[in-house]
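[1] Here's my sequence, what's the structure:
(one chain, ligands or ions: 2)
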Amino acid sequence: MITLDHLQKGFGGRQVLKGVDLQVKRGETLVIIGGSGSGKSVLMKHVIGLLFADSGQVRIDGDDLAQLKEPELTRTRRRFGMVFQNAALFDSMNVWQNVGFALMQHTKKRKKAVLEIAQHYLEMVGLPDVLYRMPSELSGGMRKRVGLARAIATSPEILLYDEPTTGLDPVTSDVINRLIRSLQEQLGITSLMITHDMVSAYHVADRMAMLYQGKIIETGTPEQIRATDNPYVRQFISGSSDGPIEAG
Ligand SMILES: Nc1ncnc2c1ncn2[C@@H]1O[C@H](COP(=O)(O)OP(=O)(O)OP(=O)(O)O)[C@@H](O)[C@H]1O
Ligand SMILES: [Mg+2]
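    Ligands and ions are numbered 1, 2, ... in the order given. This is a model prediction of the structure:
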């Protein structure tokens with residue numbers, strides 16, 4: 001469903017992605033792991049067409065994103081829900097307006113219906129009582145969950161999660177992991193998730209891929225990743241500072 005073909009991207013002469021090849025199959029959850037600054041968020045922004053590659057391709061169901069004209073690109077983007085690393089809520093709107101934003105913009109649903117949908121998804125992420133709060137009145141973890149509710153409120157076909165559990169307490173993280181799993185199992189949603197939370201990665205992944213120095217150096221099922229003899233992957237998943245990975 002999603003194919004990245006030798007994706008390269010640099011900023012100001014510094015190469016971040018040096019030829020990323022990756023496929024996400026329909027209905028699966030693929031988790032990308034990798035160090036801070038390795039280019040995970042940059043990679044994800046290419047998938048939804050917020051950034052465009054210097055060379056290589058991103059194809060969604062065979063369509064090269066870079067070749068799509070504006071209306072088609074917009075239509076393709078609407079098939080996605082995205083949970084941004086920093087939540088990226090609209091600060092001037094309250095919580096239900098954030099969660100219902102796309103529904104108000106792109107459907108004919110009335111305010112009352114959107115409010116009910118917003119409430120439903122906020123309950124799913126464990127926030128039943130925050131409809132009328134402003135983002136500035138929420139904790140970081142609460143903002144993150146509002147961002148997740150917003151991403152799933154439009155019932156997208158594909159969900160992109162950038163660090164959905166980072167900074168959440170372990171119990172809330174588990175609620176979110178289960179929610180991600182159930183969205184996949186019950187609705188067949190295709191998901192691409194970035195995380196360095198290995199508990200979460202093992203919980204939700206059908207397959208995992210590790211990004212290191214601009215390339216995918218290993219892909220496999222959680223069992224295969226656990227058993228790998230690739231020294232970079234081994235060091236990363238064991239969270240050790242001893243090994244071949246250069247910090248930073
Ligand atoms: N719009 C941009 N302009 C210039 N440089 C950028 C831009 N976006 C990202 N970068 C650079 O690309 C590199 C990778 O950034 P990215 O945000 O993808 O890292 P990451 O793997 O998501 O890290 P983290 O785990 O800390 O979120 C960083 O060196 C960053 O400074
Ligand atoms: Mg990131």
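[2] CA only for contacts and neighbour counts going forward, please
    Noted.
[3] And Pro128, its phi and psi?
    Torsion angles at Pro128 (phi, psi; degrees, to the nearest 10) stand at phi -70, psi -20.
[4] which residues touch it?
    Pro128 makes contact with 119, 122, according to CA atoms under 8 Å, 6 or more residues apart in numbering.
[5] Repeat that for Ser41.
    With CA under 8 Å, 6+ apart as the criterion, the residues that contact Ser41 are 85, 162, 194.
[6] what about 10 Å?
    With contact taken as CA atoms under 10 Å, 6 or more residues apart in numbering, Ser41 is in contact with 84-85, 161-163, 194-195.
[7] again with Leu211
    17, 20, 32-35, 38-40, 43, 217-219, 233.
[8] what's the weakest-modelled helix or strand in the protein?
    helix 170-187 (a mean of 88; mean pLDDT, DSSP states H and E).
[9] next one: that helix to chain centre, how far?
    13 Å (CA atoms, centre = their mean, to the nearest Å).
[10] One more: stretch 182-201?
    The chain centroid and the centroid of stretch 182-201 are separated by 9 Å, computed with CA atoms, centre = their mean.
[11] Do it and ligand 1 come into contact?
    No - remark: stretch 182-201 sits outside contact range of ligand 1, by CA under 6 Å from any ligand atom, the gap being at least 7.1 Å.
[12] just stretch 81-97 next, same as before
    No - applying CA under 6 Å from any ligand atom, one finds stretch 81-97 separated from ligand 1 by no less than 7.1 Å.
[13] pLDDT check: weakest of the contacts of Ser41?
    When these are compared on pLDDT, Gln85 comes out lowest, with 86.
[14] measure that one to Pro222 for me?
    Per CA to CA, to the nearest Å, Gln85 is found 23 Å from Pro222.
[15] What of Ser92?
    41 Å.
[16] More neighbours: those two, which one.
    Pro222 (19 against 11; other CA atoms under 10 Å).
[17] which residues sit in contact with that one?
    Taking CA under 10 Å, 6+ apart, one finds 31, 201-209, 228 in contact with Pro222.
[18] and the most centrally placed residue in the chain, helix, strand or coil?
    Most central in the chain under CA atoms, centre = their mean is Tyr161, positioned 1.7 Å from the mean C-alpha point. Of the three states, Tyr161 takes strand under DSSP: H, G, I helix; E, B strand; the rest coil.
[19] contacting residues for it?
    31, 41, 44, 81-85, 147-148, 151, 180, 191-195.
[20] from these, which ones fall inside helices?
    Taking DSSP state H as the definition of helices, the contacts of Tyr161 contribute 41, 44, 147-148, 151, 180.
[21] Gly27: neighbouring residues, count only.
    Gly27: 17 neighbours (other CA under 10 Å).
[22] What pLDDT is listed against Thr166?
    86.
[23] what does Met142 give?
    For Met142, the model assigns a pLDDT of 91.
[24] That one and Asn86 touch, don't they?
    No - using CA atoms under 10 Å, Met142 is not in contact with Asn86; the gap is 11.4 Å.
[25] Now do the shared contacts for those two.
    By CA under 10 Å, 6+ apart, no residue touches both Met142 and Asn86.
[26] For the two, indicate the residue with more neighbours.
    Met142 (19 against 13).
[27] returning to what we had before: go through the least confident helix or strand of the chain and flag the buried ones.
    Across helix 170-187, burial judged by 16 or more other CA atoms under 10 Å covers 172-174, 176-177, 180-181, 183-184.
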